[in-house]
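Peer 1: Coordinates for the following, if possible.
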Amino acid sequence: MKLYSLSVLYKSEPKAILLKAAYDVSSFSFFQRSSVQEFMTFTSQLIVERSAKGSRASVKEQEYLCHVYVRNDNLAGVVIADSEYPSRVAFTLLEKVLDEFSKQVDSITWPVGSPATIQYTALDGHLSRYQNPREADPMCKVQAELDETKIILARKQNSCCAIM
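Peer 2: Numbering: from 1, shown residues only. Now for the predicted structure:
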């Protein structure tokens, strides 16, 4: 499970405007990183442009899964992850980031903003924290503990049956 990109955009007509983004392209070779990052930026903008206000969607693009959330106020977020990453956790992350962003960055600056002018520094932290969904998301953590308990109980049951 891997997160590659976390972006905040503004859905304007006719193009979506990138406001801030964080990328983890460390798994790609040095020479591919800039083109992979450009691909993720372009894909994020394209998905936001094609998504309706107030919608959430997951779109498969090559081997990536792109999760998009466009709020009714035209603020949008995109997470690009591998196909194993849980979509519920991705949408939880998007909702959290967009709520935080809207509280810290004045909505007047959204239509004219750019990554250089927007003062919001939390994306890199969220991207690294959510790399492991079991640690970042309480529901995933509970599910992982439940799965471990099931395995332990199954082993105990099998060992009891073997004794008889």
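Peer 1: When you work out contacts or count neighbours from here on, use the C-alpha atoms and nothing else.
Peer 2: Will do.
Peer 1: got a list of what Leu9 touches?
Peer 2: 16-20, 45, 48, 75-78 (CA atoms under 8 Å, 6 or more residues apart in numbering).
Peer 1: Need the three-state assignment for the residue nearest to it when sequence neighbours are not counted.
Peer 2: Spatial nearest neighbour of Leu9, chain neighbours left out: Leu18 (4.5 Å); criterion: CA to CA, 6 or more residues apart in numbering. Here Leu18 is recorded as strand under DSSP: H, G, I helix; E, B strand; the rest coil.
Peer 1: Can you read off the pLDDT for Leu18?
Peer 2: In the predicted model, Leu18 carries a pLDDT score of 94.
Peer 1: Make sure it is actually in contact with Tyr10.
Peer 2: Yes. Counting by CA atoms under 8 Å, Tyr10 is a contact partner of Leu18 at 6.5 Å.
Peer 1: Between the two, tell me which one has more neighbours.
Peer 2: Tyr10 (28 against 23; other CA atoms under 10 Å).
Peer 1: Give me the contact list for the host helix or strand of Gln37.
Peer 2: Assigned by DSSP states H and E, Gln37 falls within helix 33-50. By CA under 8 Å, 6+ apart, the surrounding residues in contact with helix 33-50 are 5, 7, 9, 11-12, 14-18, 23, 25-26, 66, 68, 70, 76, 78, 80.
Peer 1: Distance check, the residue nearest to Leu9 against Leu93.
Peer 2: Using CA to CA, to the nearest Å, Leu18 is found at 18 Å from Leu93.
Peer 1: Name the nearest residue to the residue nearest the centre of the chain, ignoring sequence neighbours.
Peer 2: Geometric centre of the chain, nearest residue: Val79, 3.1 Å, by CA atoms, centre = their mean. Using CA to CA, 6+ apart and skipping the chain neighbours, the partner closest in space to Val79 is Leu6 (4.7 Å).
Peer 1: List the residues that contact the one you found.
Peer 2: Leu6 touches 21-23, 77-80, 123, 127, counting by CA under 8 Å, 6+ apart.
Peer 1: Ala57: which of those is nearest?
Peer 2: Val78 (9.7 Å; CA to CA).
Peer 1: looking at the sheet around the residue lying closest to the closest one once chain neighbours are set aside, what are its partners?
Peer 2: Closest residue to Val78 apart from its sequence neighbours, by CA to CA, 6+ apart: Val68 at 4.5 Å. Beta-bridge pairing for Val68 (DSSP bridges): Ala57, Val78.
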